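Q: 3D model of this:
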Amino acid sequence: MPPTVDGMLGGLSEVAPVDEKESLQLLKRLKSSRPEMSWSAAADLGGGIGRVTKNVLALHFQKVDLIEQNASLTSMAKKDYLADCSQLRAIETSGLQTWKPKPSTYDCVWMQWVAGYVLDPHFVALLQRVGASLTPGGVFVVKENVTHPATCALWMDHADASTIRSRQYFEELFRLAGLRVVRCTKQQQWPADLYPIQVWVLEPAADPSAALLSGGQRTAS
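A: Numbers count the residues shown, from 1 in each chain. Okay, here's the model as predicted:
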């Protein structure tokens, strides 16, 4: 795909405004509901050329790191799309299956439309590493397509080499990684002919074994 917003969205750049609007609304709600959360540093995982970095995270965090394994995309981000983004701190060309953030580094880690390219064992390990990278009060936001309710737990796109998991499938992987769901929302404005979007706000469970057994608490809005 070309290193453009339209390319990053699979030719559906028209969904970008509503996607970004609701993501910004989520961060505003977090600011009011989580006084313990700092707003210094964020990471954009699998961020492509930096659409979410520039239009969402940079509007709330002082510093943002972009993590993307495709060198042509990180090159475009650095030279063009994020060239005027003063909040950009670093661009790292790395696959999420091998990315190892330092402990207690980020107030927010954001992962959107990339989990479908990460195998389950790698995803669980990534979730654990991200949990350890969060500062006190920090959150991991996962925003992904999910399968339609009562259809299938996992849909595979062989042409695109990707998967779409169900909401329950995702939440089981979160529990296996010792993360607790503190907020679960659905993208409200979204084309009916596309797979629905679910957004989770996660934090490390105080007792990971308890989260694995009970599934932790969750709130919906």
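
Q: let me know the secondary structure of residue 172.
A: Under DSSP: H, G, I helix; E, B strand; the rest coil, residue 172 falls in the helix class.

Q: how many neighbours does it have?
A: By other C-beta atoms under 10 Å, the residues close to residue 172 number 17. C-beta here means a position set from N, CA and C on the backbone, and glycine is covered the same way.

Q: distance of it relative to residue 179?
A: 11 Å (C-beta to C-beta, to the nearest Å).

Q: which residues sit in contact with residue 81?
A: Neighbouring residues of residue 81 by C-beta atoms under 8 Å, 6 or more residues apart in numbering: 3, 49-51, 54.

Q: now swap in residue 18 and tell me
A: 187, 189-190 are the contacts of residue 18 under C-beta under 8 Å, 6+ apart.

Q: how about residue 99, nearest residue that isn't a chain neighbour?
A: Counting by C-beta to C-beta, 6 or more residues apart in numbering, residue 99 lies nearest to residue 67, which is 5.7 Å off, once chain neighbours are set aside.

Q: that's a helix at that neighbour, yeah?
A: No. Counting by three-state DSSP, residue 67 is not found in a helix; it is strand.

Q: that one against residue 89, yeah?
A: No. Between residue 67 and residue 89 there is no contact under C-beta atoms under 8 Å: 11.6 Å.

Q: and after the lengthiest strand in the chain, which helix or strand comes next?
A: Longest strand in the chain, counting residues (DSSP state E): strand 134-145. Downstream of strand 134-145, the next assigned helix or strand under DSSP states H and E is strand 154-157.

Q: direction included, what does that next one pair against?
A: strand 162-165 (antiparallel) (DSSP bridges).

Q: only alpha carbons, please: show the strand it pairs with as PDB.
A: Only the C-alpha atoms of strand 162-165 are listed here, as PDB (Å, rounded to 0.1, in the frame of the first residue of the first chain):
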ATOM      1  CA  SER A 162      -4.600 -10.900   8.800                       C
ATOM      2  CA  THR A 163      -7.300 -11.900  11.200                       C
ATOM      3  CA  ILE A 164     -10.300 -10.300  12.900                       C
ATOM      4  CA  ARG A 165     -11.000 -11.600  16.400                       C
END
